[in-house]
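K.L.:
return atomic coordinates for the entry below.
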Amino acid sequence: MWRLARARRWAPPAAAAPRAAASGGPGAWYESAARSAPVHWAEQAFLSLQAAGELPWWAAIACGAALLRTAVTLPLAAHQGRLLAKLENLQPEIKSLAQRLRYEVSARGKQMGWSEKVARLHFQRNLRRLIAELYVRDNCHPFKATLLPWVQVPMWLCVSLALRNCSVGAAGPEVKEQLSAGGTLWFPDLTAPDSSWILPVSLGLVNLLLVEIFASQRMEASRLQKLATNFFRVVSVVMVPVAATVPSSMALYWLSSSLVGLSHNLLLRSPPVRRLCLIPRTKSESDTPYRDLLAAWAAKYSFRR
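P.N.:
Next up, the predicted model:
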């Protein structure tokens, strides 16, 4: 098994499968992505992890998901937390600047005879400039907070396609044979979908729990935030039948990744952990986050009127 993994590790990406034809068909883009170098590297990473640890394939998939989320996305989540905390702490200063600027623009507008529309344009232009200067001063531009999904989503896709390749034999018949006997409990065959639907339904429940945790962070959400929350609720539900049609190896990876992400999200709510990650304290931060989370859920989903 180790010799097989070592031999495959040094195979060039082009040797894994021939390139998709340029003319292609409806699924040409999918096949091209499945044969790409990042997906090939993900295959080799799982083969090396499974061989080095002599793990059954179900454990290698779960451990791989935990390692990726801990080594890659957890530091990015902590970085995102620092940026969002800085942005929240800037709001009182931004509000004060806006009030002073509105007074100055109003006074200047009366001297220059500006119309209300012109005065509003001057106010908005100068306010954007002042806010941008604050972002530079505190190194907390909001766009930097989007780094986490820009890394997490492509990584999730590459690993999913790598496990798909391993399950359908595109990574080699030997690997497919190992996966077919590498499951456990109710999913002994990792190349077949989970006919019991336990993995898909568990995935949907964990993802919905994650969405509700994010939704509970702000008591008064904007219209855009409410739309985003409902969108991710729908995605969480849609992922259930999708996970029921793919190989169990992929569904297991998705569930493992979501479980680790849930644990990281709860961990980063702890004040001592937040200080350890250098996340500044904010006005909205609670000393009892888990108790407050349970209380918010109890109030939101209580059947008593």
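K.L.:
which strands and helices sit next to the longest helix belonging to the chain?
P.N.:
Assignment by DSSP state H gives helix 74-112 as the longest helix of the chain. Counting by 3 or more Cβ pairs under 8 Å, 6 or more residues apart in numbering; DSSP states H and E, the packing neighbours recorded for helix 74-112 are helix 116-138, helix 147-168, helix 248-267. The C-beta positions use only the backbone N, C-alpha and C, and glycine is treated the same way.
K.L.:
change it to 10 Å
P.N.:
Helices and strands touching helix 74-112, as assessed by 3 or more Cβ pairs under 10 Å, 6 or more residues apart in numbering; DSSP states H and E, comprise helix 116-138, helix 147-168, helix 248-267, helix 271-276.
K.L.:
give the buried residues for the second one.
P.N.:
Looking back up the chat, that one is helix 147-168. When neighbours are counted by 16 or more other Cβ atoms under 10 Å, the buried residues of helix 147-168 are found to be 148, 152, 155-156, 158-167.
K.L.:
which regions of this protein sit below the pLDDT cut-off?
P.N.:
Low-confidence regions of the chain, defined here as pLDDT under 70, cover residues 1-27, 217-222, 301-305.
K.L.:
which residue lies farthest from the center of it?
P.N.:
Residue distances from the centre of the chain (Cα atoms, centre = their mean) peak at Q111, which lies 51.9 Å from the mean C-alpha position.
K.L.:
from L130, how far off is that residue?
P.N.:
When distance is defined by Cβ to Cβ, to the nearest Å, Q111 is 21 Å away from L130.
K.L.:
wait, what's in contact with A33?
P.N.:
In this structure, A33 makes contact with 20, 39, 157-158, 161, judged by Cβ atoms under 10 Å, 6 or more residues apart in numbering.
K.L.:
V242: which of those is nearest?
P.N.:
L157 (13.3 Å; Cβ to Cβ).
K.L.:
quick check, the closest one in contact with V151.
P.N.:
No: the pair formed by L157 and V151 falls short of the contact definition of Cβ atoms under 10 Å, at 11.4 Å.
K.L.:
between the two, what contacts are shared?
P.N.:
Both L157 and V151 lack any common contact, where contact means Cβ under 10 Å, 6+ apart.
K.L.:
which parts of stretch 92-106 are buried?
P.N.:
97, 101, 105.
K.L.:
ditto for stretch 200-216
P.N.:
200, 202-204, 206-213, 215-216.
K.L.:
just the CA coordinates for it, please, in PDB.
P.N.:
Output in PDB follows, covering the C-alpha atoms of stretch 200-216 (Å, rounded to 0.1, in the frame of the first residue of the first chain):
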ATOM      1  CA  PRO A 200     -26.600  13.400   4.200                       C
ATOM      2  CA  VAL A 201     -29.200  14.300   6.900                       C
ATOM      3  CA  SER A 202     -26.500  14.700   9.500                       C
ATOM      4  CA  LEU A 203     -24.700  17.100   7.100                       C
ATOM      5  CA  GLY A 204     -27.800  19.100   6.600                       C
ATOM      6  CA  LEU A 205     -28.500  19.400  10.300                       C
ATOM      7  CA  VAL A 206     -24.900  20.400  11.100                       C
ATOM      8  CA  ASN A 207     -24.900  23.000   8.300                       C
ATOM      9  CA  LEU A 208     -28.200  24.400   9.500                       C
ATOM     10  CA  LEU A 209     -26.800  24.600  13.000                       C
ATOM     11  CA  LEU A 210     -23.900  26.600  11.700                       C
ATOM     12  CA  VAL A 211     -26.200  29.000   9.900                       C
ATOM     13  CA  GLU A 212     -28.300  29.600  13.000                       C
ATOM     14  CA  ILE A 213     -25.100  30.200  15.100                       C
ATOM     15  CA  PHE A 214     -24.100  32.900  12.600                       C
ATOM     16  CA  ALA A 215     -27.600  34.300  12.500                       C
ATOM     17  CA  SER A 216     -27.700  34.600  16.300                       C
END
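K.L.:
returning to that earlier point: separation between the residue farthest from the centre of the chain and L268?
P.N.:
Counting by Cβ to Cβ, the separation of Q111 from L268 is 51 Å.
K.L.:
and for G172?
P.N.:
Applying Cβ to Cβ, the value for G172 to L268 is 39 Å.
K.L.:
what do you get for L127?
P.N.:
According to Cβ to Cβ, L127 and L268 sit 32 Å apart.
K.L.:
for T288, give me phi and psi.
P.N.:
Main-chain dihedrals, T288, degrees, to the nearest 10: phi -130, psi 70.
K.L.:
contacts only, for it.
P.N.:
With contacts defined as Cβ under 10 Å, 6+ apart, the neighbours of T288 are 271, 294-295.
K.L.:
now distance to A77 too, for the contacts of A33, in CSV please.
P.N.:
Compiled in CSV, the contacts of A33 are given as follows (distance: Cβ to Cβ, whole Å):
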residue, distance to A77
A20, 35
V39, 24
L157, 19
C158, 19
L161, 24
